[in-house]
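J.: sharing a model prediction with you, sequence too.
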Amino acid sequence: MDEVRRPAGRSLKRITLDGLAATGGSAAARSARGRSGLLGIAPGRPVLSLLAFLALWWIGALLAADPQRLPSPERVLALAWREILDGALPLNVGITLARVLAAFAIAMIVGSVAGYLAGRRPRLNAFIDPWMVIALNLPVLVVIVLCYIWLGLNEIAAVLAVAVAKTPTVFVTLREGARTLDPGLEELATVYRLPLLRRLWWVTTPQLLPYLAAAARSGLSITWKIVLVVELMGRPNGVGFILNMYFQSFDVTGIVAYGLGFAAIMLVVETALLQPWEKRANAWRRRT
Amino acid sequence: MPGDAALELLIESKAFVSPAGLRHIILHDIGLTVPPGQIVALLGRSGGGKSTLLRITSGLDTAFEGHVRRPPGRLGVVFQEPRLLPRLTVADNLRLVVPDIMPLRIDDLLELVGVPGVGHHLPSELSLGMARRVALARALATDPHLLILDEPFASLDRQLGTTLAAKVADLARRAGSIVVVATHELEHALAIADRICVLAGRPARMEADITIPDRSDAASIASLRTNLLDRFAFLGSKRVAHPA
């Protein structure tokens, strides 16, 4: 007799949730809630780690006794708060974030499409691969300088430089993903004559999700760092521009306030969006 | 309604090229014309070219010498593996190939193939035998003019396989569909087919092409069974290994 099988993990999860409902919040329930925490991240260890970092920073600042060289956390926070109140920090962070998202989106779209096609068509890959090898080994600084020289010190050049620098890594990741597509499912789509969009949406994309997630996660962290360099070199606003301003006056407090502020936002984006997405994409892969 | 066009296969040769560059001919001189409503069972050893012949029939393999003319209209295929999309429920796997299928029709098909009530399950929650039956339901959902089945009853016990084969055959006959089913189980072939073709030899050729004149005549079916077992001993190996 056939039985409907349930993966062990799913059954256990269901039993645990049922148990919680029945007991109305036992010690185990509180423990389970505590372990999951905000955004599905266990809260205990990261908070302790951050507190330890702040303590070390604070002790270091105390020992250095030179706010110009190493300001204390409260000095940095005070400046950041002032910048938030007068709108400078939100404005510049917003501008940088917009550039990051624009460049990231272009790199993901172009890199994914090109990588998919190269992974599926060996001849195209043989043609395009040398370009990608060159692009991967070209220093980002060269790309930025060339874009500014050819297109001028404008927004298009800035975003394009970042996108061009990031696209090859997305391309390589998605090319690998396209090579691992299950030929059996592709044949299934062929014999049942699935229309292109339905085929891409239901058959191809789910198999590429882990690769898209990996490319997105690594891509975002690289992209925002490149954006800061681009802004530092040729834009009149954004976090990179402000960092350059503070550097001109050797104001470490301002540099740390803006640097940590923007890093914190990107950390939230990564932990709240990209990490759960990647986890979900890979969970599906493990189930198969 | 299926048209009156037949399935025509003429394969002069089908070869594979090995990684060492050697050309191996695996199918040679195979001709088959199947009129609408006929069920053809392809019998042969494992690895004897049945699946390759079905891939050519379904249009997935076009690298051969010869030609195939498929009847116009819908195609239903059951591969050796279920090939269900793992993120979709069973019902959604059926909807993938027939987007406007009614929920009641899904239930009926799942009941027909012997897995009632699994529509909301994911493929990972099914046994292999159940998943293969869902794949059969998916193929039937298209109301195919040409139904191609590659060892569809392989992971079922003989009794269940024979019963399911009879149900599928009945459905196909009523719809006037052409069915080509590859199997190494002589009993499954005898249970459903109007015609039995045996692939044998290397390269594989059509060594027998027998039309069953009257399926209700138990004596002639028994005689055919004996005849086939005498001519092709490998057809009996399964019976010896798994006595009924």
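T.: Received it, and whenever you're ready, just let me know what you need. Numbers count the residues shown, from 1 in each chain, chains lettered A, B, ... in the order given.
J.: do you know the pLDDT at B:Arg74?
T.: Looking at B:Arg74, its pLDDT is 90.
J.: same question for B:Ala166.
T.: On the pLDDT scale, B:Ala166 is placed at 85.
J.: any low-confidence regions in chain B?
T.: B:1-3, B:237-244 (pLDDT under 70).
J.: which residues touch the longest helix belonging to it?
T.: Using DSSP state H, we find that the single longest helix of chain B is helix B:158-175. Helix B:158-175 is contacted by residues B:2, B:37, B:39, B:112-114, B:133, B:136, B:140, B:143, B:147, B:149, B:152-154, B:156, B:179, B:181, B:185, B:187-188, B:191-193, B:242, B:244 when judged by CB atoms under 8 Å, 6 or more residues apart in numbering or on different chains. Heads up, the C-betas are built off the backbone N, CA and C, glycines and all.
J.: how about low-confidence regions in chain A?
T.: Applying pLDDT under 70 to chain A flags residues A:1-44, A:282-288.
J.: mind listing the helices for it?
T.: Going by DSSP H, chain A shows helices at A:8-23, A:27-36, A:44-64, A:73-85, A:88-120, A:122-137, A:140-151, A:155-179, A:183-191, A:196-198, A:205-234, A:239-248, A:252-269, A:275-287.
J.: most packed of those helices?
T.: Across the helices of chain A, the average number of neighbours (mean count of other CB atoms under 10 Å in any protein chain shown) peaks for helix A:155-179, which reaches a mean of 22.
J.: helices or strands up against that helix?
T.: helix A:88-120, helix A:122-137, helix A:140-151, helix A:205-234 (3 or more CB pairs under 8 Å, 6 or more residues apart in numbering or on different chains; DSSP states H and E).
J.: ok and the shortest one relative to helix A:122-137, angle-wise?
T.: Counting by axes from the mean of the first three to the mean of the last three CA atoms, to 10 degrees, helix A:140-151 lies at 100 degrees to helix A:122-137.
J.: rewinding a little: turn the helices of chain A into CSV, including distance to B:Gly201.
T.: Converted to CSV, these look like this (distance: least, CB to CB, whole Å):
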stretch, distance to B:Gly201
helix A:8-23, 48
helix A:27-36, 63
helix A:44-64, 68
helix A:73-85, 82
helix A:88-120, 37
helix A:122-137, 35
helix A:140-151, 63
helix A:155-179, 37
helix A:183-191, 27
helix A:196-198, 42
helix A:205-234, 39
helix A:239-248, 74
helix A:252-269, 64
helix A:275-287, 43
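J.: quick one: closest of these to B:Arg225.
T.: helix A:183-191 (32.6 Å; CB to CB).
J.: which bits of chain B sit near chain A?
T.: B:58-60, B:75, B:77, B:79, B:81, B:83, B:85-88, B:96-97, B:99, B:115, B:118, B:121-122, B:124-127, B:129-130, B:142 (CB under 8 Å from any CB of the partner chain).
J.: show me which of those are buried.
T.: B:58, B:60, B:75, B:77, B:79, B:83, B:85-88, B:96-97, B:115, B:118, B:121-122, B:124-126, B:129-130, B:142 (16 or more other CB atoms under 10 Å in any protein chain shown).
J.: in strands, which of those appear?
T.: By the criterion of DSSP state E, membership of those in strands covers B:75, B:77.
J.: can you tell me the element the residue nearest to B:Pro71 when sequence neighbours are not counted falls in?
T.: Excluding the flanking residues, the one nearest B:Pro71 by CB to CB, 6 or more residues apart in numbering or on different chains is B:Ala5, at 4.0 Å. Using DSSP states H and E, B:Ala5 sits in no helix or strand.
J.: contacting residues for B:Ala5?
T.: Counted by CB under 8 Å, 6+ apart, B:Ala5 has contacts B:36, B:69, B:71-72.
J.: of those, which pair is most distant in space?
T.: So, these by CB to CB: farthest apart are B:Pro36 and B:Arg69, at 13.1 Å.
J.: who touches both of these two?
T.: Shared contacts of B:Pro36 and B:Arg69, defined by CB under 8 Å, 6+ apart, are found at B:5-6.
J.: who's more crowded, those two?
T.: B:Pro36 (18 against 12; other CB atoms under 10 Å in any protein chain shown).
J.: pull the contacting residues for the closest residue to B:His121 other than its chain neighbours.
T.: Leaving out its chain neighbours, the residue that sits closest to B:His121 by CB to CB, 6+ apart is B:Val90, at 5.5 Å. B:Val90 makes contacts with B:84, B:110, B:115, B:118-123, B:126, B:134, as judged by CB under 8 Å, 6+ apart.
J.: just these now: which is nearest A:Asn244?
T.: Once CB to CB is applied, the member of those that ends up nearest A:Asn244 is B:Leu122, at 53.1 Å.
J.: enumerate the residues of the stretch 51-200 of chain A near chain B.
T.: Residues of the stretch 51-200 of chain A lying close to chain B by CB under 8 Å from any CB are A:184-185, A:187-188, A:190-194, A:198.
J.: try it again at 7 Å.
T.: A:184-185, A:187-188, A:190-192 (CB under 7 Å from any CB of the partner chain).
J.: mind listing what B:Val115 touches?
T.: B:130, B:133-134 (CB atoms under 7 Å, 6 or more residues apart in numbering or on different chains).
J.: can you do 8 Å?
T.: B:Val115 touches A:2, B:90, B:126, B:130, B:133-134, B:137, counting by CB under 8 Å, 6+ apart.
J.: tally of neighbours for B:Pro73?
T.: Just so we're on the same page, residue B:73 is Gly rather than Pro. 16.
J.: state the number of residues packed around the residue lying closest to it once chain neighbours are set aside.
T.: Spatial nearest neighbour of B:Gly73, excluding adjacent residues (CB to CB, 6+ apart): B:His145 at 3.4 Å. By the criterion of other CB under 10 Å, B:His145 has 22 neighbours.
J.: that older thread, and of the contacts of B:Val90, the nearest to A:Val252?
T.: Comparing the contacts of B:Val90 against A:Val252 with CB to CB places B:Leu122 closest, at 54.8 Å.
J.: got the contact list for the residue nearest to that closest one when sequence neighbours are not counted?
T.: By the measure of CB to CB, 6+ apart, the closest residue to B:Leu122 outside its immediate chain neighbours is B:Thr89, 6.0 Å from it. For B:Thr89, the contact set (CB under 8 Å, 6+ apart) comprises B:119-122.
J.: repeat the analysis, applying 10 Å as the threshold.
T.: Each residue near B:Thr89 by CB atoms under 10 Å, 6 or more residues apart in numbering or on different chains is listed here: B:95, B:118-123, B:125.
J.: tell me where chain B has strands.
T.: Using DSSP E, strands in chain B cover B:7-17, B:23-34, B:39-43, B:65-69, B:75-78, B:146-150, B:178-183, B:195-200, B:205-211.
J.: mind listing what's buried along the fourth one?
T.: Within strand B:65-69, the residues that qualify as buried are B:Val68, counting by 16+ other CB under 10 Å.
J.: quick one: work out the angle between it and strand B:23-34.
T.: 30 degrees.
J.: which elements pack onto strand B:65-69?
T.: strand B:7-17, strand B:23-34, helix B:50-58 (3 or more CB pairs under 10 Å, 6 or more residues apart in numbering or on different chains; DSSP states H and E).
J.: return the distance of the closest residue in space to B:Val68 that isn't next to it in sequence relative to B:Ser124.
T.: Leaving aside its chain neighbours, B:Val68 sits nearest to B:Leu9 (5.5 Å; criterion: CB to CB, 6+ apart). Per CB to CB, to the nearest Å, B:Leu9 is found 37 Å from B:Ser124.
J.: same question for B:Asp150.
T.: Taking CB to CB as the measure, B:Asp150 and B:Ser124 are separated by 22 Å.
J.: what's near enough to touch the residue nearest to B:Leu235 when sequence neighbours are not counted?
T.: Nearest residue to B:Leu235, sequence neighbours excluded (CB to CB, 6+ apart): B:Leu186, at 4.7 Å. For B:Leu186, the contacting residues are B:41, B:43, B:196, B:198, B:224-225, B:228-229, B:232, B:234-236, B:238-239, by CB under 10 Å, 6+ apart.
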